[in-house]
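Participant: pasting the structure only:
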């Protein structure tokens, strides 16, 4: 028989005579976790807060027979195994009991304690198997749904490729920690390759064939992150109409990636600490403990750890989450990687868009190398993708590159000699203000000009296709979600 902790499963015994309940208590109090009820009405009330694995009921009880009680009990607790005790060799009653579906086993009184103990263990083992199978099916179904909801490209580790010494060191650190079960803290600026590094750790580990579950913690506010991680029982809070497994259960035997988990409520801190120390989770509203084997990979933007300290995050939790810290250098500290990354992103765009450019000119690469990249590799990918679409040729030129407004390209190392200052314009005889020189007239910056070009092209395509956005997306070789984002960003409605 399975190696189970019998005392971790509840057994409910129902009888209308206290002496019978006392006899049951004396025989099994050390072997099972027993609960008692005098009669069916009291037992049904108890089932509102108790989820037993086995229900043992006497057949002859006033007001409600054992079979009637077990039928009602099955409606409330369908998983529970029903055991009927009867002192009468009444075949009609026994046949009725079995055919009702509410009775799984029957035992004639007076019962033998050893025989009944075996029956209880068999019933518990059956219920435990049923619950475990349901949990695994639920985990599989919800993880499949999770994968469908996640929109991402196939795993591609080109983003962490590079010739710089800093990235070679990062790759070596990934190789060191991947094969261990240690929790990992990844520190890096916004737009760095933190998720890609987390995936590389997972793929390089013995957990590769198990789930990799990503949680974007900033998408959850208040106690919703706790619900998402730990799941809930039906009725645990307003709107909990059905039971749901948390992301930690979905990641069982795999890896869970927590992206920027801040702030953390005291309740969530305590629950996370229990997972890290004991490997146990409880869904909200439940007292049932589920064991999970999960590797936690955590990403933080530099400075959040200081915010954690100010917010009073438990020192033990911080210590357990930062066993193996791994720092990702920003792109401005490894400019020698820009060419390889830009060419990688260009190939990635070309796989999705047959009309996109396939090469970068040396002048464009020089402009990329001179930029400060506050958005790191994510910004580089966006800049390259946009230039590849707008280039209208096979080669990206400097004028196709547009950077964000939050930072401008760094000054080139050498400047052309200054031209002589123009002479002061002569005053107009009529007393009018002199005309401003052409160089002083305001003009749009490159980013605005490219926005105008993209807006005109998209409007023309929408007109050609009669407003059919799916056809426009196909013509441009982009996903519909990307098209919707660009239309919204450029203020094109409809």
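Facilitator: Alright, I've got the coordinates. Since the structure is predicted, the reported quantities are computational estimates derived from the model, not experimental observations.
Participant: quick one: the closest residue in space to residue 15 that isn't next to it in sequence from residue 65, how far?
Facilitator: Leaving aside its sequence neighbours, residue 15 sits nearest to residue 58 (C-beta to C-beta, 6 or more residues apart in numbering; 4.4 Å). From N, CA and C alone the C-beta is placed, and that goes for glycine too. In this structure, residue 58 and residue 65 are 9 Å apart, going by C-beta to C-beta, to the nearest Å.
Participant: One more: residue 203?
Facilitator: Distance of residue 203 to residue 65, given as C-beta to C-beta: 60 Å.
Participant: re earlier: who does the residue nearest to residue 15 form a beta bridge with?
Facilitator: Beta-bridge pairing for residue 58 (DSSP bridges): residue 85.
Participant: Could you count how many residues lie near it?
Facilitator: Using other C-beta atoms under 10 Å, residue 58 has 22 other residues around it.
Participant: Spit out the contact partners of it.
Facilitator: Contact partners of residue 58, counting by C-beta atoms under 8 Å, 6 or more residues apart in numbering, are 14, 15, 16, 17, 20, 66, 85, 86.
Participant: Closest one to residue 35 out of those, please.
Facilitator: For the contacts of residue 58, the residue nearest residue 35 by C-beta to C-beta is residue 14; the value is 9.5 Å.
Participant: on that earlier part again, between residue 203 and residue 65, which one's more packed in?
Facilitator: Just comparing residue 203 and residue 65: by other C-beta under 10 Å the higher neighbour count belongs to residue 65, 20 against 16.
Participant: residues touching that one, list them.
Facilitator: Residue 65 sits next to residue 59 when contact means C-beta under 8 Å, 6+ apart.
Participant: In the protein, where is pLDDT below threshold?
Facilitator: Scanning the chain for pLDDT under 70 picks out 1-2, 88-91, 139-162, 303-305, 307, 311, 404-449, 493-494.
Participant: and it, what are its domains?
Facilitator: 6-128, 157-329, 333-413+444-489 (automatic domain parsing).
Participant: could the ones you listed be laid out in CSV, adding distance to residue 134?
Facilitator: CSV is the format used below for these (distance: least, C-beta to C-beta, whole Å):
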stretch, distance to residue 134
domain 6-128, 8
domain 157-329, 10
domain 333-413+444-489, 34
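Participant: Indicate which one of these is closest to residue 136.
Facilitator: Using C-beta to C-beta, the domains of the chain put domain 157-329 closest to residue 136, at 8.9 Å.
Participant: Tell me the spacing between residue 116 and residue 24.
Facilitator: In terms of C-beta to C-beta, residue 116 sits 9 Å off from residue 24.
Participant: Neighbour count: the two, which is higher?
Facilitator: Ranked by neighbour count (other C-beta under 10 Å), residue 116 and residue 24 place residue 24 first, with 21 against 18.
Participant: Excluding chain neighbours, what is closest to that one?
Facilitator: Excluding its sequence neighbours, the residue lying closest to residue 24 (C-beta to C-beta, 6+ apart) is residue 13, at 5.1 Å.
Participant: try residue 4
Facilitator: For residue 4, the spatially nearest residue (C-beta to C-beta, 6+ apart) is residue 128, at 5.9 Å.
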